[in-house]
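K.L.:
model this:
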Amino acid sequence: MSDKQARMLDYLLRSPSWVTAGELADYLGVTPRSVRSYVTSVKTAADPLEVVESGPAGYRLNREAYAAFRTARPRRQTGADTPQNRLYQLVRRLTDSTDGLDVYELAADVFVSDSTVEADLSRVRALLPDTGLSLSRHGSLVTLVGSETDRRRLLSRMFREESTRGFLELAAIQKEFASDSLGAFKTDLIAMLDARGYFVNEYGTNNVLLHVAIAVDRVSKRAVTGTAAGAPVADDLGIAVAALIETHFGVALDPVDLAYLVLLLQTRVVTPGHDQADAVGDTVARADDLSVVRRIVAQASEEYLVDLADDDFIARLTLHVRNLIDRAQVQDYSRNPLTRSIKTSYPMIYELAVYIASELQREEQIRINDDEIAYIAMHVGSHLEQRSRTEELVTCVIVCPNYYTMHVQLRQRIERLLSDDLIVVAQITRSDVQWDELRADLVLTTIEPPVPTDGVIVIQPFLTEGDVHRIREAAIRVRRSRRRAQIKGDLLQFFDESLYLRNFSAPTEEAMIRELGGRMVARGLIDPSYVDGAIERERMSSTAFTDHLAVPHAMAMTAQQTSIAIAVNDSAMAWGDSRVNVVALIAFSAAGRASFQSVFDQFVEVFTERADVQRLIKRSVDFPSFIDELVHLIDQ
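P.N.:
Modelled structure (predicted):
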């Protein structure tokens with residue numbers, strides 16, 4: 001299956017309804033005719049399963065058939081069926097062979113020509129830079145030269161790249177390495193780590209299982225040659241892992257293998273926690289790492305006006321950063337299945353993580369990719385969620401004429417059941433109420449008002465479940481109305497007709513950023529250095545937060561005022577790995593960042609629903625109609 005066919009299926013998998021050929025063509029950067037060709041090829045490969053359904057509305061993924069197709073189809077075949085399969089099998093044979101492979105025997109074995117094998121060997125050589133491995137050729141004999149660890153890393157990398165995007169599936173690992181014991185091993189491994197007081201990162205566990213499977217597979221194919229010189233002595237964690245491997249697989253790994261697996265666990269899976277006495281203190285995190293992270297976090301707090309000054313958060317982030325640095329130095333990054341959803345659903349948290357990552361890059365002279373940035377965002381988001389205060393409560397006045405202690409009991413019941421939704425600011429115990437003088441979001445009254453209004457709710461003196469339900473619904477409406485009014489007022493501050501482009505094309509992302517940035521420079525909103533900063537930020541990580549929207553920007557908040565220059569196009573343009581119809585260059589100012597942060601997530605959320613985006617593009621024939629439609633989508 002080609003990359004574009006895989007991307008097509010991925011897009012259909014994420015689409016809740018029918019998708020037209022034109023939309024798929026726009027997303028993939030091909031013609032509708034090519035899309036039809038891709039669909040035909042997928043149907044042929046999946047026959048008799050109907051993976052893709054066709055109809056007047058376009059195409060739709062049959063999710064049950066697709067799941068069955070992915071489960072049933074062989075991961076790889078040993079014959080020379082596709083170039084990718086041949087490449088993988090050739091690497092497997094080279095890593096398994098200590099004496100080398102004869103080119104002519106290999107060609108006969110897989111039923112291809114000698115020239116095909118030579119071409120495949122060239123492809124293998126292209127994989128080897130930065131792996132520590134090389135190919136040695138003596139006549140027709142080809143040998144893979146390098147350490148056992150580097151061989152396993154190459155196999156792991158190829159397997160991960162060929163696996164389904166995102167989460168590395170345990171079933172795929174078991175099938176590839178014919179190991180039915182991995183599931184039970186994983187269960188016992190997690191139980192062991194939990195018993196030792198570690199927090200376990202499930203997203204990294206399967207990556208370690210892949211390395212376990214490779215190690216067991218390779219050790220079982222030949223006798224262990226003995227302990228390597230200078231091999232480290234296994235610590236308590238290593239001893240426990242070794243015992244689990246021997247129990248489940250009947251294989252004894254040497255100290256080098258164990259040390260590597262423990263390193264993977266420590267850098268990808270576990271973080272000290274639970275009942276460990278100094279789990280997140282200075283005794284665990286290195287002092288120099290703590291100093292760097294404290295400084296970067298302080299800068300991030302200053303730039304984004306968020307409170308990150310928490311010792312526990314900083315210590316845990318420091319432990320993660322140390323593992324990240326270790327991975328980045330050998331370019332062995334962790335996959336994060338939530339990267340796309342984090343960028344789409346929490347763009348400001350992701351941007352804060354980008355800022356932290358960029359500072360780490362400069363400090364440590366490393367490269368940090370999108371998946372690793374998303375892990376930083378998970379740390380930041382988890383901390384902010386824990387510290388976030390409950391949304392501003394709805395105020396209410398209780399009207400309940402005095403009769404013994406009935407009014408007291410009513411107020412106590414309301415505060416006990418609805419304290420998360422509202423706050424009582426006054427209680428009227430008279431029957432002659434001055435209704436027009438009541439100042440609150442809601443009035444909860446046991447007597448009928450002279451004129452019924454939306455904000456006045458008649459309740460029973462002895463509060464019923466129906467009363468509680470109606471009060472909660474009213475409080476939700478008040479909060480929603482309050483929030484939308486604020487968002488609408490704030491959002492309209494950031495757009496200007498002179499910064500609106502309709503159907504403007506640019507050959508590259510950089511060209512589009514410079515075109516939009518030039519208009520902002522001309523209005524005195526930013527200087528040229530901000531445009532350069534936005535391009536630098538784009539090179540670090542694509543700002544295509546959804547399939548339809550790119551939001552380029554610089555990380556420095558040096559604009560005269562926060563504003564947006566936007567291009568809305570019928571035809572999508574390539575942007576990183578995506579194709580987008582809307583490009584919004586955002587200029588941040590220090591003074592306006594707080595108000596903009598409150599609406600940025602809402603702005604991006606508009607572009608997560610395909611139908612809303614299509615409606616916005618279709619109806620935004622000019623600037624006024626664009627504003628009207630944008631406000632409507634945020635307000636709905």
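K.L.:
what residue ranges in the stretch 51-200 of the chain score low on pLDDT?
P.N.:
Low-confidence segments of the stretch 51-200 of the chain (pLDDT under 70): 71-85, 157-179.
K.L.:
Mind naming the longest helix for the chain?
P.N.:
Counting by DSSP state H, the longest helix found in the chain is helix 465-491.
K.L.:
Tell me which helix or strand comes right after it.
P.N.:
Per DSSP states H and E, the first helix or strand lying C-terminal to helix 465-491 is strand 500-502.
K.L.:
tell me the domain ranges of this protein?
P.N.:
The record's domain parsing of the chain by automatic domain parsing lists 3-72, 83-146, 170-272, 287-384, 394-481, 492-635.
K.L.:
Rebuild those domains as CSV, extending it with distance to residue 154 and mean neighbour count.
P.N.:
Bear in mind the C-beta positions are built from the backbone N, C-alpha and C, glycine included. Converted to CSV, these look like this (distance: least, C-beta to C-beta, whole Å; neighbours: other C-beta atoms under 10 Å):
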stretch, distance to residue 154, mean neighbour count
domain 3-72, 21, 16
domain 83-146, 5, 15
domain 170-272, 10, 17
domain 287-384, 11, 19
domain 394-481, 54, 15
domain 492-635, 24, 18
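K.L.:
What lies in contact with stretch 528-541?
P.N.:
354, 357-358, 361, 369-370, 373, 509-510, 513-514, 517-518, 520-521, 543, 552-556, 558-559, 585, 587 (C-beta atoms under 8 Å, 6 or more residues apart in numbering).
K.L.:
hmm, try it at 6 Å
P.N.:
Outside stretch 528-541, the residues that touch it by C-beta atoms under 6 Å, 6 or more residues apart in numbering are 354, 370, 509-510, 513, 517, 521, 552-556, 558.
K.L.:
which ones among those are found in strands?
P.N.:
residue 558 (DSSP state E).
K.L.:
Closest to residue 65 out of the contacts of stretch 528-541?
P.N.:
residue 370 (30.8 Å; C-beta to C-beta).
K.L.:
and the closest one, what does it touch?
P.N.:
Here residue 370 is in contact with 339, 541 (criterion: C-beta under 6 Å, 6+ apart).
K.L.:
That one and residue 361: what is the separation?
P.N.:
Separation of residue 370 from residue 361 (C-beta to C-beta, to the nearest Å): 13 Å.
K.L.:
for residue 68, same thing?
P.N.:
In terms of C-beta to C-beta, residue 68 sits 43 Å off from residue 361.
K.L.:
Residue 616 contacts residue 627, doesn't it?
P.N.:
No: between residue 616 and residue 627 there is no contact under C-beta atoms under 6 Å: 10.8 Å.
K.L.:
Skipping its backbone neighbours, what lies nearest residue 304 in space?
P.N.:
Of all residues not flanking residue 304 in the chain, residue 352 sits nearest, at 5.2 Å (C-beta to C-beta, 6 or more residues apart in numbering).
K.L.:
any idea how far the one you found lies from residue 577?
P.N.:
Relative to residue 577, and taking C-beta to C-beta, residue 352 is found at 22 Å.
K.L.:
before we move on, the earlier item: save the contacts of stretch 528-541 as TSV, and put in pLDDT too.
P.N.:
As requested, the contacts of stretch 528-541 are exported to TSV (pLDDT from 0 to 100):
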residue	pLDDT
354	91
370	88
509	94
510	94
513	96
517	94
521	94
552	93
553	90
554	89
555	83
556	81
558	85
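K.L.:
Kindly indicate which of the contacts of stretch 528-541 lies nearest residue 383.
P.N.:
residue 354 (16.4 Å).
K.L.:
what about the closest residue to residue 409 other than its chain neighbours, which SS state?
P.N.:
Nearest non-adjacent residue to residue 409, counting by C-beta to C-beta, 6+ apart: residue 462, 7.9 Å away. Here residue 462 is coil, with the state taken from DSSP: H, G, I helix; E, B strand; the rest coil.
K.L.:
how about residue 462, phi and psi?
P.N.:
phi -110, psi 100 (degrees, to the nearest 10).
K.L.:
ok, for residue 235, nearest residue in space, not its chain neighbours?
P.N.:
With sequence-adjacent residues excluded and distances taken as C-beta to C-beta, 6+ apart, residue 235 is closest to residue 262, at 7.2 Å.
K.L.:
my read: that neighbour touches residue 238, true?
P.N.:
Yes: between residue 262 and residue 238 there is a contact at 4.7 Å, judged by C-beta under 6 Å.
K.L.:
Output stretch 567-574 as PDB, nothing but the C-alphas.
P.N.:
C-alpha atoms of stretch 567-574 as PDB (Å, rounded to 0.1, in the frame of the first residue of the first chain):
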ATOM      1  CA  ALA A 567      -5.900  33.900   3.900                       C
ATOM      2  CA  VAL A 568      -9.100  31.900   3.200                       C
ATOM      3  CA  ASN A 569      -8.800  29.800   0.000                       C
ATOM      4  CA  ASP A 570     -11.100  27.500  -1.900                       C
ATOM      5  CA  SER A 571      -8.100  25.300  -2.900                       C
ATOM      6  CA  ALA A 572      -5.900  23.800  -0.200                       C
ATOM      7  CA  MET A 573      -2.100  24.300  -0.200                       C
ATOM      8  CA  ALA A 574       0.600  22.000   1.100                       C
END
